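Peer 1: fold the following, please.
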Amino acid sequence: MTIPSVAIQQHLAGLGLVDGATGWASCAGYFPPSPDQVVSITDTTGGTPMASFAYEEPGVQLRVRGVRQDYVLTNSKVMELFDNLHTKSLDTEYPDCLAVNGPMFHGFDAVDRPVWVINFQLMRTR
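Peer 2: Sure thing, here's the model as predicted:
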């Protein structure tokens with residue numbers, strides 16, 4: 001089984017939304033101090049595990065940080081990620097991805113870089 005955060009990271013990279021020439025780095029499991037433009041994907045609690053179900057519902061959180069004081073550009077990136085994940089299938093292991101909340105502005109970090117957060121619940125087949 002692929003860790004949910006890694007599955008999201010691979011999916012976003014496959015769509016050309018992070019890494020490579022996009023200018024947006026991605027990290028699974030941590031939120032590095034640099035580069036400025038980064039999408040951090042971490043595993044969170046999901047739905048209640050039910051032994052009788054043929055699937056699990058793990059959660060992930062995306063934290064998106066932009067360049068210093070660029071609230072608007074960072075919001076555009078968050079909306080692009082939201083639109084490409086909410087109600088979408090990642091692959092056969094993760095056939096569904098639902099936003100738990102819309103994009104939420106988390107504030108500016110210690111060096112005035114905007115940080116946005118979105119939480120998702122995935123469906124993972126067993």
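Peer 1: can you give me the helices in the chain?
Peer 2: Chain-ordered helices for the chain, with DSSP state H as the definition, fall at 4-14, 71-85.
Peer 1: just the buried residues of the last one, please?
Peer 2: Spelled out, it's helix 71-85. When neighbours are counted by 16 or more other C-beta atoms under 10 Å, the buried residues of helix 71-85 are found to be 74-75, 77-78, 81-82, 85. (C-beta placed from N, C-alpha, C; glycine too.)
Peer 1: equivalent analysis for stretch 56-73, please.
Peer 2: By neighbour count, with 16+ other C-beta under 10 Å as the criterion, the buried positions of stretch 56-73 are 56-66, 70.
Peer 1: ok, back up a step: mind putting the buried residues of helix 71-85 in JSON lines, distance to Asp91 included?
Peer 2: Supplementary listing: those in JSON lines, determined by distance: C-beta to C-beta, whole Å:
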{"residue": "Thr74", "distance to Asp91": "28"}
{"residue": "Asn75", "distance to Asp91": "28"}
{"residue": "Lys77", "distance to Asp91": "23"}
{"residue": "Val78", "distance to Asp91": "23"}
{"residue": "Leu81", "distance to Asp91": "17"}
{"residue": "Phe82", "distance to Asp91": "19"}
{"residue": "Leu85", "distance to Asp91": "13"}
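Peer 1: residues touching the residue nearest to Ala13 when sequence neighbours are not counted, list them.
Peer 2: Closest residue to Ala13 apart from its sequence neighbours, by C-beta to C-beta, 6 or more residues apart in numbering: Asp19 at 4.8 Å. Under the criterion of C-beta atoms under 8 Å, 6 or more residues apart in numbering, the contact partners of Asp19 comprise 13, 25-26.
Peer 1: please consider this matter closed, and thank you.
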